[in-house]
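K.L.:
what's the 3D shape of this:
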Amino acid sequence: MLESADFLTPAQIVAELDKYIIGQHEAKRHVAIALRNRWRRLRAAPEMRDEIVPNNILMIGSTGVGKTEIARRLAGISGSPFVKVEASKFTEVGYVGRDVESMVRDLVEQSVNMVKTRRKEEVKVKAAELVEEAILDILIPPVTGAPGAATKPALGFPTNAGEVPDSDQELNERTRERFREKIRNGELDDRKIEIQVQQGGGGISVLGGAPGGMDEASMAGIQDMLGSMLPKKTRKRKVTVAEARKLLLDEEAAKLIDMDEVKDEAVRHAENSGIIFIDEIDKVASRSSKGGGPDVSREGVQRDLLPIVEGSAVSTKYGIVHTDHILFIAAGAFHVAKPSDLIPELQGRFPIRVELQSLSKDDFYQILKDPKNALTKQYEALLQAEDVALTFEDEALERLAEIAFEVNSEVENIGARRLHTVMSRLLNDILFDVPDKIGANARILIDRALVEERLTDMVRNRDLSQYIL
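P.N.:
Model (predicted):
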């Protein structure tokens, strides 16, 4: 979390990104500095805090070089709410598309979910105790008989002569304690009980859109208000004790959370820590100075984006959200258009520009071998689920990297995504034969000869359309 006093330094942030992303050191340095600057701003003098605005970043590079992954991992490192949107999905008023302000609403929604999850974790122990009591009340209802009532033997728990309970209440408590131990030990997990659960409300929807030009946030607020006015419906369900514990835990945790506090914290979290990644921004860049046609539409999208990136107040169902300190990271391939084709005002709001490099053979090799989520490790984990050991020789990985690089050079360059095509082509037969022909405890070695056998025709064949994603 950005609020943490021991938040990562720029060098540590780059080291974390290196675990998943190969190369692109300049881009990593820029985003690491931007993230650390947000931490620094929160600790600046109060009179300067509001004056410090983030330096938004424009990433330029072809698809598959790591633009989205850098932004996504950055949000994970900082514990920030993160939203990825495509600029081409947004349009000016009057055209079918999404309202640009919806990206901020999505960010706040993400922030609310994050805060709610954290608060639920904080009250988890208390909620578990309440759930335990609720299950005990179903199994052994508490007794409230008059003092001196006749004593009955506990359910299957005979007492010794010197341990006769004084009352039904005491006997009931002893029985409940025995059952409490059984619940905690999991001895009753398969026992069926009947519980009351709240039905998921379908909400209130208004057909025909928002009346009278009402905006999306106001409409969502009215729908939530109407939904909260309706009585909560419950129904009986017969489930095992283990299932009941899961179902009731969410309900009890929700009761212990103050949603007003959650909403206030979520809005602050989104405003000060939120990251919005705007992909394919080159698709809305005007490619000529002539008026008319689609360029007018593209410029309209840019002008709609401008106030959000500059800093404005957006109305959401959780309250007003100010976008002044949200970090915006835009990205695009810019094969046809150039960054200078964006309107000057929008260019000025992305002062940090970084060009990501196309992947080399060595990059492909490292991508296959080093990251924690490398494709080779993913396939090894998939086959490990079938008790089959899959291993790759270094020479095989080098050849795979060469093939991916060659195919990218001769056809469309789709970056690291080409490795998915190559690996799928290499391993499809093996994945199909497990476990029917290749049984458990088998060991499969992928060497250079196997790679040549399966993939050589992929490089030789000039008509590579069947291998293009």
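K.L.:
tell me which element residue 239 falls in.
P.N.:
strand 234-240 (DSSP states H and E).
K.L.:
no, scratch that, I was asking about residue 420
P.N.:
helix 418-433.
K.L.:
would you mark the buried spots in that helix?
P.N.:
By neighbour count on 16 or more other CB atoms under 10 Å, the buried set for helix 418-433 is 418, 419, 421, 422, 423, 425, 426, 427, 430. The C-beta positions use only the backbone N, C-alpha and C, and glycine is treated the same way.
K.L.:
same question for stretch 447-455.
P.N.:
By 16+ other CB under 10 Å, the buried positions in stretch 447-455 come out as 450, 451, 454, 455.
K.L.:
which residues sit against it?
P.N.:
Stretch 447-455 is contacted from outside by 393, 395, 396, 398, 399, 400, 403, 422, 425, 426, 429, using CB atoms under 8 Å, 6 or more residues apart in numbering.
K.L.:
just put the residues you listed in CSV and tack on pLDDT and distance to residue 129.
P.N.:
Conversion of the contacts of stretch 447-455 to CSV gives the following (pLDDT from 0 to 100; distance: CB to CB, whole Å):
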residue, pLDDT, distance to residue 129
393, 94, 54
395, 94, 58
396, 94, 55
398, 94, 57
399, 93, 59
400, 93, 54
403, 91, 58
422, 91, 53
425, 90, 54
426, 93, 53
429, 92, 54
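K.L.:
so the nearest residue in space to residue 236 that is not next to it in sequence bridges to which residues?
P.N.:
Closest residue to residue 236 apart from its sequence neighbours, by CB to CB, 6 or more residues apart in numbering: residue 194 at 5.5 Å. Counting by DSSP bridges, residue 194 is bridged to residue 238.
K.L.:
can you tell me how far residue 184 sits from residue 129?
P.N.:
Distance of residue 184 to residue 129, computed by CB to CB, to the nearest Å: 11 Å.
K.L.:
got it, and residue 362?
P.N.:
56 Å.
K.L.:
quick revisit: which strands and helices sit next to the helix holding residue 420?
P.N.:
In terms of contacts (3 or more CB pairs under 8 Å, 6 or more residues apart in numbering; DSSP states H and E), helix 418-433 is packed against helix 361-369, helix 375-384, helix 394-410, strand 443-446, helix 448-460.
K.L.:
nearest to residue 62, of those?
P.N.:
When the helices and strands packed on helix 418-433 are ranked by distance to residue 62, counting by CB to CB, first place goes to helix 394-410 at 9.3 Å.
K.L.:
outline the domain layout of this protein.
P.N.:
10-118+262-355, 143-256, 361-467 (automatic domain parsing).
K.L.:
nearest to residue 136, of those?
P.N.:
Across the domains of the chain, closest to residue 136 is domain 143-256 (CB to CB), at 5.4 Å.
K.L.:
where does the stretch 201-350 of the chain have low pLDDT?
P.N.:
Applying pLDDT under 70 to the stretch 201-350 of the chain flags the ranges 201-232, 287-296.
K.L.:
where do the strands sit along it?
P.N.:
Using DSSP state E, counting those that start in this stretch, the strands of the stretch 201-350 of the chain run over residues 234-240, 275-279, 313-316, 319-322, 327-332.
K.L.:
which residues does residue 106 contact?
P.N.:
By CB under 8 Å, 6+ apart, residue 106 lies in contact with 83, 85.
K.L.:
recalculate using a threshold of 10 Å.
P.N.:
81, 82, 83, 84, 85, 98, 270, 276, 316 (CB atoms under 10 Å, 6 or more residues apart in numbering).
K.L.:
my guess is the fifth one contacts residue 101. True?
P.N.:
Read that as residue 85. No: taking contacts as CB atoms under 10 Å, residue 85 lies outside contact range of residue 101: 11.3 Å.
K.L.:
ok, what's across the strand from the nearest residue to residue 56 once chain neighbours are set aside?
P.N.:
Among residues not flanking residue 56 along the chain, residue 328 sits closest, at 4.3 Å (CB to CB, 6+ apart). Beta-bridge pairing of residue 328, defined through DSSP bridges, involves residue 276.
K.L.:
for residue 446, same thing?
P.N.:
residue 392.
K.L.:
so who does it touch?
P.N.:
Contact partners of residue 446, counting by CB under 10 Å, 6+ apart, are 376, 379, 390-393, 395-397, 399-400, 423, 426-427, 430, 454.
K.L.:
what's the answer for residue 326, then?
P.N.:
So residue 326 contacts 38, 54, 56, 80-81, 83, 103-104, 107, 270-276, 308-309, 311, 314 (CB under 10 Å, 6+ apart).
K.L.:
any of those residues buried? List them.
P.N.:
Listed as buried from the contacts of residue 326 are 38, 54, 56, 80-81, 83, 103-104, 107, 270-276, 308-309, 314; burial here means 16+ other CB under 10 Å.
K.L.:
give me the angle between the longest helix along the chain and strand 275-279.
P.N.:
When the chain is scanned for its longest helix (criterion: DSSP state H), the result is helix 102-122. If you take axes from the mean of the first three to the mean of the last three CA atoms, to 10 degrees, helix 102-122 sits at 140 degrees to strand 275-279.
K.L.:
now whatever helix or strand comes next after helix 102-122 and helix 102-122, what's the angle there?
P.N.:
Using DSSP H and E, the helix or strand that follows helix 102-122 towards the C-terminus is helix 124-139. Helix 124-139 and helix 102-122 are oriented at 70 degrees to each other (the same axes, to 10 degrees).
K.L.:
tell me which residues of helix 124-139 are tucked away?
P.N.:
Counting neighbours by 16+ other CB under 10 Å, one finds that the buried residues in helix 124-139 are 127, 128, 130, 131, 132, 134, 135, 136, 139.
K.L.:
next: stretch 313-323.
P.N.:
314, 315, 316, 317, 318, 321, 322, 323.
K.L.:
what's the answer for stretch 176-191, then?
P.N.:
176, 179, 180, 183, 188.
K.L.:
give me the low-pLDDT residue ranges for the stretch 51-200 of the chain?
P.N.:
91-98, 144-166, 199-200.
K.L.:
who touches the host helix or strand of residue 14?
P.N.:
Residue 14 belongs to helix 10-18 when assigned by DSSP H and E. Identification of contacts with helix 10-18 by CB under 10 Å, 6+ apart yields 7-9, 21, 24-25, 27-37, 66, 69-70, 73-74, 76-78, 370-371.
K.L.:
can you pull the phi/psi pair for the spatially most central residue of the chain?
P.N.:
By CA atoms, centre = their mean, the chain has its centre lying nearest to residue 82, at 7.8 Å. When read as degrees, to the nearest 10, the backbone of residue 82 gives phi -140, psi 140.
K.L.:
and if you look at residue 317?
P.N.:
For residue 317, the backbone dihedrals (degrees, to the nearest 10) come out as phi -70, psi -10.
K.L.:
any idea how far residue 87 is from it?
P.N.:
Distance, residue 317 to residue 87, by CB to CB: 24 Å.
K.L.:
same deal with residue 29?
P.N.:
Distance, residue 29 to residue 87, using CB to CB: 25 Å.
K.L.:
and if you look at residue 7?
P.N.:
Residue 7 is 30 Å from residue 87, where distance means CB to CB.
K.L.:
higher neighbour count, the two?
P.N.:
Under the neighbour definition other CB atoms under 10 Å, residue 7 and residue 87 were set side by side, and residue 87 has more, 23 against 20.
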